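Novice: Got a predicted model here, sequence first, then my questions.
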Amino acid sequence: RILIIDFGSQVTQLIARRVREAGVYCEIVPFNAAPDVFPGYGAKGVILSGGPASVAEMGTPRAPQAVFDSGVPVLGICYGQMTMAEQLGGVVEAGHHREFGRADLSVVAPSLLFTGVWEDGSRNQVWMSHGDRITQMPPGFRIVGVSENAPFAAIADETRHYYGLMFHPEVVHTPQGGKVLSNFVRNICGCAGDWSMAAYREEAIARIRAQVGDGKVICGLSGGVDSSVAAVLIHEAIGEQLTCVFVDHGLMRKDEAHEVVNLFRGHYNIPLVHVDAADMFLSALQDVEDPEAKRKAIGRLFIDVFEEEARKIGGAGFLAQGTLYPDVIESVSFSGGPSVTIKSHHNVGGLPERMNMKLVEPLRELFKDEVRALGKELGLPDAFVGRHPFPGPGLAIRCPGAVTKEKLDILRQADAIYLDEIRKAGLYDVIWQAFAVLLPVRTVGVMGDGRTYDFVLALRAVTSVDGMTADFYPFDMNFLGRAATRIINEVRGVNRVVYDVTSKPPGTIEWE
Ligand code: XMP
């Protein structure tokens with residue numbers, strides 16, 4: 001396996017994804033934890049990430065000396081290249097020519113790193129983002145690639161297997177970058193490249209059995225992909241020692257609660273407690289208009305109901321959660337200041353302590369797309385595994401203003417038609433998330449010969465990689481016209497449809 005040392009780049013996670021795509025397991029560790037982690041880790045190679053600091057300044061982070069003493073191959077990217085060059089005896093200065101974005105890399109010497117990817121003498125598109133520059137090479141290194149503003153764009157010491165890249169091979173704007181990383185981890189570090197979801201499934205099952213023994217586990221199902229995959233995996237490991245609890249808050253999409261219950265009880269035969277708490281949630285939300293107040297009310301009630309059910313089941317020492325790797329990675333922060341809470345996210349954090357339960361988190365090492373692959377591996381239907389993300393507070397945050405049963409019913413119908421049209425147009429998998437929002441605004445319309453005075457429905461669709469940033473989806477106007485006509489014709493209570501053309505930032509994906 002490979003250890004990635006994080007110096008705070010925005011794209012460090014992408015290095016891990018590319019390495020795993022090459023069939024090699026890897027983990028990310030912050031630079032300040034690396035000296036403790038590296039010695040016992042058994043890494044066959046180390047990748048030093050980029051980062052916002054400048055090696056030329058005092059007190060900026062360095063790679064542990066133990067990495068260079070160990071003799072394993074090292075790949076430094078951007079800041080990682082600079083710190084490696086400096087630690088191995090080269091000289092780095094703050095750059096005079098900053099280079100950002102697309103650049104042309106000319107390969108000027110053969111290198112193991114580029115074997116089968118870029119030929120000697122070729123020019124290739126890469127993506128740069130850096131300020132520092134090397135002014136004197138460390139001993140043993142030579143230049144293997146240059147760009148217009150970066151005479152040390154790629155350097156190598158083929159004897160010691162040390163490589164430094166000023167560009168980012170991990171981003172999609174370096175089209176062949178994945179292959180370069182694969183060369184490093186497979187050909188240079190000698191990793192087998194046989195890490196797969198089938199292998200992960202076996203390892204994870206063994207770990208769950210070892211952790212849980214003959215204890216009892218409770219898993220809260222939300223209907224989403226993560227908790228479902230976690231539940232199916234845990235069930236495969238420990239069978240009837242697992243009980244799932246599905247707190248149905250009545251804020252799910254059309255038919256969704258049914259589908260979850262059928263899938264778990266019918267298809268997998270997993271013990272499932274279905275708590276129909278719709279009325280309780282609706283009354284807790286009565287007259288609550290403020291988005292944060294809504295989120296908090298739902299979160300509080302959810303925990304109360306879940307806790308009550310867990311008590312009824314009794315004797316469970318473990319709580320299962322579908323926590324993913326992006327939530328676990330301790331990101332390196334240079335800003336120091338507290339970040340602003342934009343929205344209180346709905347999760348069961350704090351619950352394990354309150355209930356004195358230990359956590360079982362079998363997806364902690366995985367990225368979202370890997371969880372989907374594991375779900376398929378476990379036999380979850382493609383349509384289920386490929387579902388768009390759905391927020392914990394459900395349709396309540398897609399009904400700005402006070403939530404009523406009447407409004408939820410209108411929203412559910414309209415949302416289902418919109419998604420149906422998206423599927424028919426073959427766009428479901430291209431779009432990260434699409435949904436309807438029922439506005440607390442009524443407008444005048446004319447249908448047949450009569451006047452209508454009904455709600456406005458907003459449609460939203462975005463593309464995104466991780467939900468952190470997003471672009472609105474540029475639908476064809478004919479598509480929007482078709483969806484709007486169907487919704488207005490088929491859903492009583494809506495007489496006008498609008499499309500949201502806001503990206504994130506400045507908007508968020510959900511409206512509340
Ligand atoms: P925003 O609206 O913050 O959403 O741009 C980013 C992504 O997160 C989802 N989301 C949530 N997911 N609990 C969740 O599990 C929540 O409380 C929550 N709020 C937003 C949202 O649907 C989008 O995919």
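Specialist: Great, that's in hand.

Novice: Just confirm residue 475 contacts residue 461, I think it does.
Specialist: Yes. A contact is recorded between residue 475 and residue 461 when judged using C-beta atoms under 8 Å, the distance being 6.8 Å. Bear in mind the C-beta positions are built from the backbone N, C-alpha and C, glycine included.

Novice: which of the two has more neighbours?
Specialist: Summary of the neighbour comparison: residue 475 and residue 461, criterion other C-beta atoms under 10 Å, with residue 461 having more neighbours (25 against 21).

Novice: Please spell out which residues along the host helix or strand of the more buried one are buried.
Specialist: Element membership of residue 461 [criterion: DSSP states H and E] is strand 450-463. For strand 450-463, burial by neighbour count (16 or more other C-beta atoms under 10 Å) applies to 452, 454, 455, 456, 457, 458, 459, 460, 461, 462.

Novice: possible to save those as JSON lines with distance to the ligand?
Specialist: Written out in JSON lines, the entries for the buried residues of strand 450-463 read as follows (distance: C-beta to the nearest ligand atom, whole Å):
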{"residue": "452", "distance to the ligand": "31"}
{"residue": "454", "distance to the ligand": "26"}
{"residue": "455", "distance to the ligand": "21"}
{"residue": "456", "distance to the ligand": "20"}
{"residue": "457", "distance to the ligand": "18"}
{"residue": "458", "distance to the ligand": "14"}
{"residue": "459", "distance to the ligand": "15"}
{"residue": "460", "distance to the ligand": "10"}
{"residue": "461", "distance to the ligand": "12"}
{"residue": "462", "distance to the ligand": "9"}
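
Novice: three-state assignment of residue 254?
Specialist: Assigned state for residue 254: coil (three-state reduction, DSSP: H, G, I helix; E, B strand; the rest coil).

Novice: From the ligand, how far off is it?
Specialist: Here the distance between residue 254 and the ligand works out to 17 Å (C-beta to the nearest ligand atom, to the nearest Å).

Novice: Count the residues that sit near that residue.
Specialist: Residue neighbour count, defined by other C-beta under 10 Å, stands at 18 for residue 254.

Novice: got a list of what it touches?
Specialist: Taking C-beta atoms under 8 Å, 6 or more residues apart in numbering, we find residue 254 in contact with 412, 413, 415, 416.

Novice: now with 10 Å?
Specialist: Contacts here follow C-beta atoms under 10 Å, 6 or more residues apart in numbering; on that basis residue 254 touches 395, 409, 411, 412, 413, 414, 415, 416, 417, 419, 420.

Novice: And for residue 74?
Specialist: Contacts of residue 74 were listed using C-beta under 10 Å, 6+ apart, and they are 5, 43, 45-48, 63, 67-68, 80, 84, 87-88, 157, 160-164, 184, 188-189.

Novice: Surely residue 374 and residue 205 touch.
Specialist: No. At 11.3 Å, residue 374 and residue 205 do not qualify as touching, with contact defined as C-beta atoms under 10 Å.

Novice: Could I have the buried ones of the contacts of residue 74 as PyMOL selection syntax?
Specialist: With 16+ other C-beta under 10 Å as the criterion, this PyMOL line picks the buried residues out of the contacts of residue 74:
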select buried, resi 5+43+45+46+47+48+63+67+68+80+84+87+88+157+161+162+163+164+184+188+189
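
Novice: Among the contacts of residue 74, which ones are in helices?
Specialist: Secondary structure assignment (DSSP state H) places 67, 68, 80, 84, 87 from the contacts of residue 74 within helices.

Novice: Spatially, and excluding backbone neighbours, which residue is closest to the first one.
Specialist: This means residue 67. Spatial nearest neighbour of residue 67, chain neighbours left out: residue 46 (5.1 Å); criterion: C-beta to C-beta, 6 or more residues apart in numbering.

Novice: Would you quantify the distance from the one you found to the ligand?
Specialist: Applying C-beta to the nearest ligand atom, one obtains 33 Å for the distance of residue 46 from the ligand.

Novice: Kindly state the beta-bridge partners for that residue.
Specialist: Legend: beta-bridge partners of residue 46 under DSSP bridges are residue 3, residue 74.

Novice: contact partners of the host helix or strand of residue 279?
Specialist: Here residue 279 sits within helix 278-285, counting by DSSP H and E. The list of residues contacting helix 278-285 from outside it, by C-beta under 10 Å, 6+ apart, reads 247-252, 257, 277, 293-294, 297-298, 300-302, 304-305, 393-394, 396, 399, 402-405, 408.

Novice: Spell out which parts of the chain neighbour the ligand.
Specialist: Within the chain, the positions lying close to the ligand (C-beta under 6 Å from any ligand atom) are 343, 345-346, 389, 391-393, 433, 467, 504, 508-510.
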